[in-house]
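[1] Got a sequence here, can you model it:
(one chain, ligands or ions: 1)
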Amino acid sequence: MSRTSVGDALYDELVDILGEEHVLPEVSARTNRTRVPAPFPVHRWADHVPDIVVLPSTTAEVVEIVKLANRTRTPIVPRAAGTGLSDGAVPLRHGILLDVKRMNRIRDLDLDNYTVTVQPGINMLKLNQELQPHGVFYPDDPASYPCSMVGGRIGTSGWSLIGARYGHTKDLVLSMEVVLPTGDVIEVGSGGGRKLRKASTALTLKELFFGHQGTLGITTEATLGLVPRPEAEFAAFFAYPDYDTAYRSCGALSKSGLATLAGVVLFDEKKLEYLRRDDEAYIEQPHDVVAVNAVALYGTEAEVVPAARRILEIGHETGGRYLGDEVSQGDWAARHDRYAIPLHGRLRDTGQVVPMSWHCEDAAINYSELPAVREKWHAIADRYIEKYGIFDDWGMFAYTNGSHQPYGDYLVEIDIGIWEQKLDDETWTAWSECKKEIAQVAIDHGGSITACHGATRAGEVDLVPLELGATFEVMKSIKRMLDPNHVMNPGKYLFDQAYGEDVPDVGEQRP
Ligand SMILES: Cc1cc2nc3c(=O)[nH]c(=O)nc-3n(C[C@H](O)[C@H](O)[C@H](O)COP(=O)(O)OP(=O)(O)OC[C@H]3O[C@@H](n4cnc5c(N)ncnc54)[C@H](O)[C@@H]3O)c2cc1C
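    Model (predicted):
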């Protein structure tokens with residue numbers, strides 16, 4: 001066994017808390033939890049390896065581990081499924097990696113009040129399999145549905161494909177138990193109760209713990225709102241001869257006012273081109289199709305049948321051609337697989353297949369700004385592709401992003417393939433610059449640099465203070481107050497700045 005650099009004393013204390021079986025010092029256990037699916041500086045792999053991995057199963061164990069980390073000033077990083085795309089679960093300063101996978105129990109299913117209380121290591125697919133016999137479901141539905149977990153969904157403040165109908169993670173989690181960086185345990189949510197959906201006593205703290213990327217504490221339990229399983233679903237794919245018509249139609253479909261509308265997704269021509277070329281789940285569409293809108297309706301039969309008629313009318317009236325049931329249903333169903341991490345790409349000049357990883361840069365943008373942002377983003381990508389030859393533009397999506405009112409801002413994403421093995425310090429820096437330019441466009445157009453993935457990666461993280469303005473100062477004060485020794489996931493969100501000259505010595509600084 002190769003022991004880790006945390007030292008024998010800390011190792012022994014962790015074993016006292018968890019038993020030897022659930023403390024993993026082996027190199028394989030640690031390197032396996034070093035990265036997330038987003039492009040990774042593989043040439044600098046060693047910079048991100050945690051010193052030790054722990055697998056607690058109870059809140060009491062988490063409390064003991066966090067207290068130990070705080071006392072010994074050891075960095076501690078929570079990790080759920082490790083599918084987050086902004087490096088949130090990557091241990092930038094080594095230390096203890098707290099894997100929540102064993103915390104996967106359903107604690108309480110309340111079918112009278114339509115809630116379920118779970119530990120953070122349960123995944124969405126598994127949870128819904130357990131709920132299915134009861135006629136209810138938990139409608140948090142990311143493209144990473146089969147692999148991501150409740151803890152990570154909260155940590156990133158995730159976005160759901162069917163959020164227009166049911167809301168996103170922050171709307172669906174009613175309350176939660178959080179172990180703070182000092183080991184204290186709090187309950188956040190409406191009122192003192194765990195199952196209230198709305199109260200107005202004092203300050204609202206729940207949202208503070210969404211999208212914090214494990215920098216403010218560890219969620220150890222969450223109470224989630226449930227909805228009846230939909231009796232009917234309807235999916236429609238509309239094809240367009242050009243992007244502008246598709247864009248206008250997307251607006252009309254989103255503003256239909258139909259309560260059953262769960263989401264509208266606009267694919268641009270580069271995305272279609274990429275899907276045709278490289279995507280295993282692609283269902284053949286006619287070659288004259290340049291852009292597509294995908295619509296989904298969820299609800300009762302009585303609601304969905306007439307709503308489907310109306311949606312077909314709107315699509316048609318605004319220049320769309322219905323692509324038929326096979327493409328529409330098949331492709332919508334493939335949403336969860338479609339994003340399965342591509343492991344290859346084709347070089348544009350030779351068509352040669354090479355190993356590539358997939359980066360998606362996301363932003364929240366108002367509808368009116370989508371065309372301009374799209375043009376600028378592709379132009380930025382083109383410049384880097386031409387100069388470095390290891391990047392590729394895999395096209396763009398725009399998803400309705402509002403909960404319950406899908407006509408506000410959109411989750412906009414540009415996907416870029418990267419020939420990861422070719423990365424070196426120069427191209428990694430270029431890549432970060434590219435992301436920074438993309439993020440800057442979002443801000444210039446009144447948007448946010450991220451709608452669901454988070455902004456903790458090199459590149460866009462530099463723009464967090466710009467987007468937040470004076471709020472960033474408040475954020476730093478909160479971090480310092482909750483985490484006086486800067487042990488929770490150090491290196492993220494520029495939180496070193498919260499500690500001024502006195503950055504606590506927590507692990508090795510990333511060069
Ligand atoms: C194929 C694919 C498709 C995707 N599609 C979507 C999508 O449609 N919508 C979307 O929102 N995202 C999507 N993502 C991104 C990702 O799946 C989500 O962001 C997801 O929320 C991350 O969950 P996870 O369990 O993997 O968390 P992790 O990656 O393990 O963690 C994410 C962050 O949360 C923190 N964290 C984890 N557990 C806890 C805890 N218990 N307490 C406190 N902090 C914690 C971590 O430190 C980290 O900062 C996709 C990713 C992939 C690979």
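
[2] List the buried residues of stretch 485-502.
    485-496, 498-499 (16 or more other Cβ atoms under 10 Å). (C-beta placed from N, C-alpha, C; glycine too.)

[3] gap between the two ends of it?
    Counting by Cα to Cα, to the nearest Å, you get 10 Å between the two ends of stretch 485-502.

[4] rewinding a little: same list, the buried residues of stretch 485-502, but as CSV with pLDDT and distance to the ligand please.
    Putting the buried residues of stretch 485-502 into CSV (pLDDT from 0 to 100; distance: Cβ to the nearest ligand atom, whole Å) gives the following:
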residue, pLDDT, distance to the ligand
Asn485, 97, 17
His486, 97, 15
Val487, 97, 13
Met488, 98, 9
Asn489, 98, 6
Pro490, 97, 12
Gly491, 95, 11
Lys492, 96, 7
Tyr493, 96, 10
Leu494, 96, 15
Phe495, 96, 12
Asp496, 95, 16
Ala498, 96, 17
Tyr499, 94, 19
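
[5] What residues does this protein have near the ligand?
    Within reach of the ligand by Cβ under 6 Å from any ligand atom, the chain has these residues: 36-37, 77-85, 88-89, 100, 120, 142-144, 148-149, 151-153, 155-156, 158-159, 161, 213-214, 218-219, 339-341, 452-453, 489.

[6] repeat that for 5 Å
    Proximity of the chain to the ligand, by Cβ under 5 Å from any ligand atom, involves residues 37, 78-85, 88-89, 100, 120, 142-144, 148-149, 151-153, 155-156, 158-159, 213-214, 218-219, 339, 452.

[7] Pull out the buried members of the residues you listed.
    Buried among the residues of the chain next to the ligand by 16+ other Cβ under 10 Å: 37, 78-85, 88-89, 100, 120, 142-144, 148-149, 151-153, 155-156, 158-159, 213-214, 218-219, 339, 452.

[8] In helices only, show me the residues of the chain next to the ligand.
    Secondary structure defined by DSSP state H assigns 151-153, 155-156 of the residues of the chain next to the ligand to helices.

[9] Give me the residue ranges of the chain where confidence is low.
    Applying pLDDT under 70 to the chain flags residues 1-5, 337-341, 505-511.

[10] buried stuff in stretch 382-401?
    Buried residues in stretch 382-401, counting neighbours by 16+ other Cβ under 10 Å, are found at 384-385, 388, 390-401.

[11] Phi, psi for Lys476 please.
    Main-chain dihedrals, Lys476, degrees, to the nearest 10: phi -70, psi -40.

[12] On the three-state scheme, the closest residue to it other than its chain neighbours is what?
    Leaving aside its chain neighbours, Lys476 sits nearest to Ala498 (3.7 Å; criterion: Cβ to Cβ, 6 or more residues apart in numbering). Secondary structure for Ala498, judged by DSSP: H, G, I helix; E, B strand; the rest coil, is helix.

[13] Ala498 and Asp16, how far apart?
    As judged by Cβ to Cβ, to the nearest Å, Ala498 and Asp16 stand 32 Å apart.

[14] So what's the gap between stretch 282-292 and the chain middle?
    Relative to its parent chain, stretch 282-292 has a centroid offset of 28 Å by Cα atoms, centre = their mean, to the nearest Å.

[15] Tell me which residues are up against that stretch.
    Here stretch 282-292 makes contact (Cβ atoms under 8 Å, 6 or more residues apart in numbering) with 237-243, 245-247, 266-269, 272, 275-276, 323, 326-327, 330-331, 334.

[16] Which ones among those residues map onto helices?
    Counting by DSSP H, the part of the contacts of stretch 282-292 found in helices is 243, 245-247, 269, 272, 275-276, 326-327, 330-331.

[17] Report how many residues lie close to Trp45.
    Neighbours of Trp45 under the rule other Cβ atoms under 10 Å: 12.

[18] That one and Arg35, how far apart?
    Counting by Cβ to Cβ, the gap from Trp45 to Arg35 is 8 Å.

[19] Excluding residues flanking it in the chain, which one is nearest Gly193?
    In space, Gly193 comes closest to Ser175 once its chain neighbours are excluded; the distance is 7.6 Å by Cβ to Cβ, 6+ apart.

[20] List the buried residues in the host helix or strand of that neighbour.
    Per DSSP states H and E: Ser175 is located in strand 173-179. Buried positions in strand 173-179, judged by neighbour count with 16+ other Cβ under 10 Å: 173-179.

[21] so what strands line up beside the helix or strand just after it?
    Sequence order places strand 185-189 as the next helix or strand after strand 173-179, per DSSP H and E. Strand 185-189 has its sheet partners listed here by DSSP bridges as strand 173-179 (antiparallel).

[22] What is the distance between the partner strand and the centre of its chain?
    18 Å.

[23] Only alpha carbons, please: show that strand as CSV.
    C-alpha atoms of strand 173-179 as CSV (Å, rounded to 0.1, in the frame of the first residue of the first chain):
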residue,chain,number,x,y,z
VAL,A,173,-35.0,21.0,-3.1
LEU,A,174,-37.1,22.3,-0.3
SER,A,175,-34.6,22.1,2.5
MET,A,176,-31.3,20.5,3.5
GLU,A,177,-28.9,19.6,6.2
VAL,A,178,-25.5,21.1,5.8
VAL,A,179,-22.3,20.4,7.7
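
[24] Could you pull up phi and psi at the residue of the stretch 201-350 of the chain found nearest the ligand?
    Nearest to the ligand, among the residues of the stretch 201-350 of the chain, is Gly214, at 2.7 Å (Cβ to the nearest ligand atom). With angles defined as degrees, to the nearest 10, Gly214 sits at phi 70, psi 20.

[25] Which helix or which strand is home to Ile414?
    Element membership for Ile414, per DSSP H and E: strand 409-418.

[26] continuing past that strand, what's the next helix or strand?
    As assigned by DSSP H and E, the chain's next helix or strand after strand 409-418 is helix 425-444.

[27] tell me the phi and psi of the closest residue to Leu161 other than its chain neighbours?
    Nearest residue to Leu161, sequence neighbours excluded (Cβ to Cβ, 6+ apart): Asp141, at 4.7 Å. Main-chain torsions, Asp141, degrees, to the nearest 10: phi -130, psi 70.

[28] quick one, what contacts Asp141?
    Counted by Cβ under 8 Å, 6+ apart, Asp141 has contacts 124, 160-163.

[29] what's the answer for Glu269, then?
    Counting by Cβ under 8 Å, 6+ apart, Glu269 touches 243, 290-291, 395.

[30] let's go with 10 Å and repeat that
    Going by Cβ atoms under 10 Å, 6 or more residues apart in numbering, Glu269 touches 240, 242-243, 246, 289-292, 378, 395-396.

[31] Next one: it from Ala239, what distance?
    For Glu269, the distance to Ala239 - Cβ to Cβ - is 12 Å.

[32] In strands only, show me the residues of the chain next to the ligand.
    78-79, 218-219 (DSSP state E).

[33] who's in contact with Lys101?
    By Cβ under 10 Å, 6+ apart, Lys101 lies in contact with 55-57, 79-82, 120-123, 149, 151.

[34] returning to that earlier point: and which of the buried residues of stretch 382-401 is nearest the ligand?
    Nearest to the ligand, judged by Cβ to the nearest ligand atom, of these is Tyr399 at 8.3 Å.

[35] Now name the helix or strand holding that closest one.
    Per DSSP H and E: strand 391-400 holds Tyr399.

[36] Please work out how many residues are found near Lys198.
    7.

[37] Find the nearest non-adjacent residue to it, please.
    That would be Ser190: by Cβ to Cβ, 6+ apart, it lies 5.7 Å from Lys198.
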